[in-house]
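> Below is the structure, and that's it, no one-letter string:
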């Protein structure tokens, strides 16, 4: 009977996640991909290149790179044509092709005649697919059924963000409310998938949600105090110019803070709950207060590395900016008052606050729910 109950405990959340994934896949997108008539996006192979029309000005390159390409898919497959790679003078966005490269191209045609082929970027989808397959194989081989559940939770998270959260943001719904609801759903679903439906799962979920709530409230309060506008979000201006000027970028920025930290909060809640559960299993007569103390001890040991993990995760994308500040000798008082630097400080510190608070919250919920001895002390 125990085996059957345990089997059901594991499979029930998995079945719910699989059903949710199927529903999310079937939800039609209200922001459909733009399809232009007589136009295709296809992979091509670079046969030869001509840099005659490229103008070099120091590090900047402008002009056009002419390429002879072989079309790899579509109605013009295996045919060879001239294509153009337009250089805008941006080191970040521009690319140079070499013979043998595979590129993504936009092909404009009329009937059986190609009008123009524009090279978009290097073709990377094949390597992305290979990388994902390798990741899935390693995860399943090393983690077994748990790894398989992790893959489904990963897919569910991506679909929930892509099919629900982002469209609702674009439609003008309150980003803070939507972000909080999505984070609660993801936290509950993913922890339930890991632990199954039991007290251990409930303890982790409650601890994680309390930590998430603290992060959300601090984000709302301190973004106002820091006077940071949501325009610090990358590509936010492009979003406004694309016809979404009614969006509250500041609220989106606030939501991004607690959404970004929710994964680490969830991870710490699961770690503490697992540790308390193990202690209770080894010592069934432990009091609830002793179980809480054990959870707090585990939380103290884990928090040091987890907060540093957040720091490295957030600062890793700004290595170039930090190097510029150091190379130019920018005073620290200037650096810490810049809005984009202050926004990253908010991300890091408030995310770390979520971790600091989730540890005692989860220790308390785990001790109270998992402690088998009914006495508190």
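The structure has been received and is ready for your questions. In this text, all values refer to a predicted model and were calculated from it rather than measured experimentally. Residues are numbered from 1 along each chain as shown.
> Can you report how many residues lie near residue 56?
Summarising burial for residue 56: neighbours were counted as other Cβ atoms under 10 Å, giving 10. Every C-beta, even on glycine, is put in place using the N, C-alpha and C of the backbone.
> would you say it is within a strand?
Yes: using DSSP: H, G, I helix; E, B strand; the rest coil, the secondary structure at residue 56 is a strand.
> Run through the bridge partners of it.
Listed by DSSP bridges, the beta-bridge partners for residue 56 are residue 61.
> And it, what's its pLDDT?
We note a pLDDT of 84 for residue 56 in this prediction.
> and what of residue 64?
In this prediction, residue 64 carries a pLDDT score of 91.
> from what I can see it touches residue 87, true?
Yes: here residue 64 lies in contact with residue 87, judged by Cβ atoms under 8 Å, at a distance of 6.8 Å.
> Which one's more surrounded, those two?
Neighbours around residue 64 and residue 87, counted as other Cβ under 10 Å, are more numerous at residue 87. The numbers are 19 against 15.
> Surely the more buried one is in contact with residue 57?
No: Residue 87 is beyond contact range of residue 57, at 11.1 Å (criterion: Cβ under 8 Å).
> Now for these two: what residues contact both?
Common neighbours of residue 87 and residue 57, counting by Cβ atoms under 8 Å, 6 or more residues apart in numbering, are absent.
> so what sits against both of residue 64 and residue 87?
Both residue 64 and residue 87 are contacted by residue 54, under the criterion Cβ under 8 Å, 6+ apart.
> Just want the most central residue of this protein.
The centroid of the chain falls nearest to residue 260 when counting by Cα atoms, centre = their mean (7.4 Å).
> So that one lies in a helix, does it not?
Yes: with three-state DSSP as the criterion, residue 260 is assigned to a helix.
> my read: it touches residue 346, true?
No: under the criterion of Cβ under 8 Å, residue 260 lies out of contact with residue 346, with a separation of 10.8 Å.
> average pLDDT for stretch 280-300?
The average pLDDT within stretch 280-300 is 87.
> For it, buried residues please.
Neighbour-count burial for stretch 280-300, with 16 or more other Cβ atoms under 10 Å as criterion, is recorded at 280, 286-288, 290-296, 298-299.
> Farthest-apart pair in those, please.
Taking Cβ to Cβ as the measure, these span a maximum distance of 18.4 Å, between 287 and 299.
> Is residue 68 in a helix, a strand, or coil?
strand.
> From here on, call the first residue 240.
Okay, using 240 as the starting number, the last item reads as residue 307.
> what residues are up against residue 564?
By Cβ under 8 Å, 6+ apart, residue 564 lies in contact with residue 574.
> again with residue 361
Residues in contact with residue 361 (Cβ under 8 Å, 6+ apart) are 334, 336, 340-343.
> let's see 6 Å
Residue 361 sits next to residue 342 when contact means Cβ atoms under 6 Å, 6 or more residues apart in numbering.
> Equivalent analysis for residue 420, please.
For residue 420, no residue meets the contact criterion (Cβ under 6 Å, 6+ apart).
> cool, residue 316 as well?
Remark: with contacts taken as Cβ under 6 Å, 6+ apart, residue 316 is in contact with residue 310.
> Help me confirm that residue 417 comes into contact with residue 407.
Yes: under the criterion of Cβ atoms under 6 Å, residue 417 is in contact with residue 407, at a separation of 4.9 Å.
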